[in-house]
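Asker: got a predicted structure here, sequence first:
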Number of protein chains: 2
Amino acid sequence: MTKVGIAAYGITPFTKDDKKIESLLFESSRILLKNNPRIQKNDIDTVLVSTNNNSKYLSPILSEMVGIQPKIAHSIENLCNSGTNSIVSAYSYIASGLADMVLISGAERYDSPGQILEWDNSRGEYKHPIFWASIFTSSYKRKFSVTNEQLAFVSVKNHKQAQNNPNALSKKMYSIQDVIDSKKITDDLRLLDCSRSCTGSASIILASESMMKNITDQPIWISGIGQKTTSAGFTKNDSFNSMDSTKIATQSALEMANKTIQDIDVTEIHDAFSVCEPMALEAIGLSKTGEGVSLIKELYETENYKVNPRGGLIGSGHPLGATGIAQTIEITQQLQSNAKNRQVENAKVGLVHNMSAAATSSTILVLEK
Amino acid sequence: MTKVGIAAYGITPFTKDDKKIESLLFESSRILLKNNPRIQKNDIDTVLVSTNNNSKYLSPILSEMVGIQPKIAHSIENLCNSGTNSIVSAYSYIASGLADMVLISGAERYDSPGQILEWDNSRGEYKHPIFWASIFTSSYKRKFSVTNEQLAFVSVKNHKQAQNNPNALSKKMYSIQDVIDSKKITDDLRLLDCSRSCTGSASIILASESMMKNITDQPIWISGIGQKTTSAGFTKNDSFNSMDSTKIATQSALEMANKTIQDIDVTEIHDAFSVCEPMALEAIGLSKTGEGVSLIKELYETENYKVNPRGGLIGSGHPLGATGIAQTIEITQQLQSNAKNRQVENAKVGLVHNMSAAATSSTILVLEK
């Protein structure tokens, strides 16, 4: 079976702009093709679109805009981890021999319908993700005796790191006190604890080993994939202070890549809310249980960019269907030593963590040079 | 690489009922599991949902309703061929080794948003599919000197064949004159020339060769896959009386299966409108160009069920996301000799044709015992 890797990428700034979903998908695809002149457009035999937008037939529309006639073309949706679901699907199309080169384009508008969890009746009237995040925050703080100040380091660190990401939504740095004093959304959540939905697009090309050498001298290989869905409604979770789907997906991905967690040099974590970053670090195994916040404080104080170098979802913004692809682009840039002033030194193996709806489903990707 | 086949299926009646999309997806999945007691639910490691419905996160929701915790879970949309796109995706997950057993569930409500082609500005105010179908009908009739009476045989045949399909929407037979006298929708289309959107669900399980023997003694293998997207807007088509994407997809599928068109014993054709059946038969190669209507008349007069035994979309109804899966179930039943009074004698190789939006994209599957 062929190796599958990342051959090229393109990404737009994350903004609050009012743009059409078709234009957004096209924009990052156009940037990708412009920056990678060795790609022959007609070699792209599959086009996958990742979005929560309600528009239909977006993959054939994007294909027509780009000027290609692929074999396989469809949209993929799974709320906030639509992006990595699309990447895994593209991987399987190539590994199975059905495709050789796949364009995956993810985009979202600031007013995405994926922000409201209409389907989960267990939520009653509380259908916005902030309500599960509030319960997670309350549970995590109580269980591990974590203070608001400790949690605030997530937002302070990620807003700071986002200043070195030219595409980030956040253009400002904040102090611990700024976070604690920001607008109260629920008893346990402040405004600066939340990632913000936004308008943005990210595209990536996956290719088989034989196609790869025509396109790039810096391929990044997908060596590990792990996915797990534990439920849809977050009240089915065993606990509100751990992420079981993330834990299981990480084990599968590391096993497939034949790596241990000690091998991971840089990681993108799905910090939809500040509490998600320590919880995910613990589930992945980068930190002991209950010690995620200490690791985050230490990383911040030592200016170590190893976790969420581009600023995470809190710093970069969270255009749902584009997020998992943007995370994968960041790790690609890190492993290619192309991350400029966000660069983690000597990064050889990276990990992407992308999840949906209170970590009821998670994707983990392991990437290597 | 493992062979991939169809291990089990479940389907609901196609109706005009007002049911929730989640209930519909669950209904055909429940029927599938009830009818196949050898399936261990926990062996299902991937759940794909095929629909045009705007609800999000439907695959984790269905998984929770079914009581399973899959690895891979997401929704797939590509208008009317969402169903076969999902089947091809499931095939690639299994062939690549990422999955062993995939539940694919397709469902739609009668009021599906996939019926209005909002995105195609080349259509001006004419966004309903009947407008491209009207242009196709007019062009096909003019090019090949085809009469309304000749085209009416498609509807007469498919409504008749649907009477042997217990799940079909149509409960009535019609004469040639009934079709010609039915309500005029456009200059070239009558009501009985159109498939009707409806409420329905169809589920299928794909499995690897090693899993298959635990589940069924009658596996049906997917031996050929072809897909092609030529454009999104139908005005980009080279002609309005041929289906290029279907032609190209058929060539790929037959080549992969190492078969010729003469090997095909039974076929499901995407007759969204009556003109689509002869056009598709010609593109696939079951008929010479311009002679599709003669073949259809002959099949009708000799009571040969080889084309659209379940009544096609015109007779069965067209619940968009379920259609491609229902077509695949029909060919599976035919090859298993389980099609009762619709059975085509001695059927060994079957073909599914599923397309979207004026044949701007097509999927072809070749299935074998």
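Answerer: All right, it came through fine. Keep in mind that what you see is a predicted model, and the values were worked out from it rather than measured. Residues are numbered from 1 along each chain as shown, chains lettered A, B, ... in the order given.
Asker: the residue nearest the centre of chain A and chain B, how far apart?
Answerer: Centroid check for chain A by CA atoms, centre = their mean gives A:G324 as the closest residue, at 3.1 Å. According to CB to the nearest CB, to the nearest Å, A:G324 stands 11 Å off from chain B. (C-beta placed from N, C-alpha, C; glycine too.)
Asker: surely that residue is in contact with A:S361?
Answerer: No: using CB atoms under 8 Å, A:G324 is not in contact with A:S361, being 11.7 Å away.
Asker: and A:A152, that's in a helix?
Answerer: Yes: using DSSP: H, G, I helix; E, B strand; the rest coil, the assignment for A:A152 is a helix.
Asker: per-residue pLDDT, the closest residue in space to the residue nearest to the centre of chain A that isn't next to it in sequence?
Answerer: Excluding the flanking residues, the one nearest A:G324 by CB to CB, 6 or more residues apart in numbering or on different chains is A:G83, at 2.5 Å. Per-residue confidence (pLDDT) for A:G83: 98.
Asker: alpha carbons of the helix or strand hosting A:G83, as CSV, please.
Answerer: In this assignment (DSSP states H and E), A:G83 forms part of helix A:82-95. Written as CSV, here are the backbone C-alpha positions of helix A:82-95 (Å, rounded to 0.1, in the frame of the first residue of the first chain):
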residue,chain,number,x,y,z
SER,A,82,-15.1,17.8,9.5
GLY,A,83,-11.6,18.9,8.4
THR,A,84,-9.7,15.9,9.8
ASN,A,85,-12.5,13.5,8.8
SER,A,86,-12.0,14.8,5.2
ILE,A,87,-8.2,14.3,5.5
VAL,A,88,-8.7,10.7,6.7
SER,A,89,-11.2,10.0,3.9
ALA,A,90,-8.7,11.4,1.3
TYR,A,91,-6.0,9.2,2.9
SER,A,92,-8.2,6.1,2.4
TYR,A,93,-9.0,7.0,-1.2
ILE,A,94,-5.3,7.2,-2.0
ALA,A,95,-4.2,4.2,0.1
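Asker: helix or strand right after it?
Answerer: That would be, after helix A:82-95 and using DSSP H and E, strand A:101-108.
Asker: neighbouring strands - and their directions - for that next one?
Answerer: strand A:46-50 (parallel), strand A:200-208 (antiparallel) (DSSP bridges).
Asker: how far does that strand sit from its chain's centre?
Answerer: 14 Å (CA atoms, centre = their mean, to the nearest Å).
Asker: right, and the helix or strand after it?
Answerer: Downstream of strand A:101-108, the first helix or strand assigned by DSSP H and E is helix A:130-144.
Asker: and that following helix, what does it pack onto?
Answerer: Helices and strands touching helix A:130-144, by 3 or more CB pairs under 8 Å, 6 or more residues apart in numbering or on different chains; DSSP states H and E, are helix A:148-162, helix A:276-284.
Asker: which other helices and strands contact the shortest one?
Answerer: What that stands for is helix A:276-284. Helices and strands touching helix A:276-284, by 3+ CB pairs under 8 Å, 6+ apart, are helix A:130-144, helix A:148-162, helix A:244-257, helix A:292-301, strand A:349-356.
Asker: got the domain ranges for chain A?
Answerer: Per automatic domain parsing, the structural domains of chain A span A:4-113+A:198-221, A:128-195+A:222-368.
Asker: near chain B, anything from stretch A:215-230?
Answerer: Yes: using CB under 8 Å from any CB of the partner chain, stretch A:215-230 comes into contact with chain B via A:I225, A:G226, A:Q227, A:K228, A:T229, A:T230.
Asker: what comes up buried for that stretch?
Answerer: Going by neighbour count (16 or more other CB atoms under 10 Å in any protein chain shown), the buried part of stretch A:215-230 is A:215-216, A:218-230.
Asker: intersection of neighbour lists for A:G324 and A:S361?
Answerer: A:N81 (CB atoms under 8 Å, 6 or more residues apart in numbering or on different chains).
Asker: pLDDT value on A:Q115, please?
Answerer: Value for A:Q115, per-residue pLDDT: 78.
Asker: secondary structure element for the nearest residue to it once chain neighbours are set aside?
Answerer: Leaving aside its sequence neighbours, A:Q115 sits nearest to A:S197 (CB to CB, 6+ apart; 5.5 Å). In this assignment (DSSP H and E), A:S197 forms part of neither any helix nor any strand.
Asker: for A:S197, the count of nearby residues, please.
Answerer: If you count neighbours by other CB atoms under 10 Å in any protein chain shown, A:S197 ends up with 23.
Asker: from A:I329, how far off is it?
Answerer: 19 Å (CB to CB, to the nearest Å).
Asker: show the end-to-end separation of stretch A:312-329, please.
Answerer: 12 Å (CA to CA, to the nearest Å).
Asker: how far does it sit from the chain's center?
Answerer: 5 Å.
Asker: quick check: mean pLDDT across that stretch?
Answerer: 98.
Asker: in terms of helices and strands, where is the residue nearest to the centre of chain A?
Answerer: helix A:320-335.
Asker: so what's the gap between that helix and the chain middle?
Answerer: Once both centres are worked out by CA atoms, centre = their mean, helix A:320-335 turns out to sit 6 Å from its chain's centre.
Asker: stretch A:357-369 too?
Answerer: 8 Å.
Asker: follow-up on the earlier one: is the residue nearest to A:Q115 in contact with A:P113, as I believe?
Answerer: No: contact criterion CB under 8 Å: A:S197 and A:P113 do not qualify, at 10.7 Å.
Asker: residues near A:V146, how many?
Answerer: A:V146 has 20 nearby residues by other CB under 10 Å.
Asker: wait, a helix at it?
Answerer: No: A:V146 is assigned coil when assessed by three-state DSSP, not a helix.
Asker: reformat the strands paired with strand A:101-108 as a markdown table; add mean neighbour count.
Answerer: Shown next, in a markdown table, are the strands paired with strand A:101-108 (neighbours: other CB atoms under 10 Å in any protein chain shown):
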| stretch | mean neighbour count |
| --- | --- |
| strand A:46-50 | 31 |
| strand A:200-208 | 30 |
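Asker: export those strands to CSV and tack on mean pLDDT?
Answerer: Output for the strands paired with strand A:101-108, formatted as CSV (pLDDT from 0 to 100):
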stretch, mean pLDDT
strand A:46-50, 98
strand A:200-208, 98
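Asker: save the ones you listed as CSV, and put in distance to B:K172 too.
Answerer: Shown next, in CSV, are those (distance: least, CB to CB, whole Å):
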stretch, distance to B:K172
strand A:46-50, 40
strand A:200-208, 49
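Asker: now for these, which one comes closest to A:G10?
Answerer: When those are compared by CB to CB, strand A:200-208 sits nearest A:G10, at 4.7 Å.
Asker: just how off-centre is the closest one within its chain?
Answerer: 13 Å.
Asker: got the contact list for the closest residue to A:S86 other than its chain neighbours?
Answerer: Counting by CB to CB, 6+ apart, A:S86 lies nearest to A:S50, which is 4.1 Å off, once chain neighbours are set aside. Counting by CB under 8 Å, 6+ apart, A:S50 makes contact with A:75-77, A:82-83, A:85-86, A:104-107, A:321-322, A:324-325.
Asker: report the beta-bridge partners for A:S50.
Answerer: In this entry, A:S50 is beta-bridged to A:I76, A:G106, by DSSP bridges.
Asker: quick check: it vs A:V179, distance?
Answerer: From A:S50 to A:V179 the distance is 31 Å (CB to CB).
Asker: with A:A272 instead?
Answerer: Counting by CB to CB, the gap from A:A272 to A:V179 is 16 Å.
Asker: no more questions from me, cheers.
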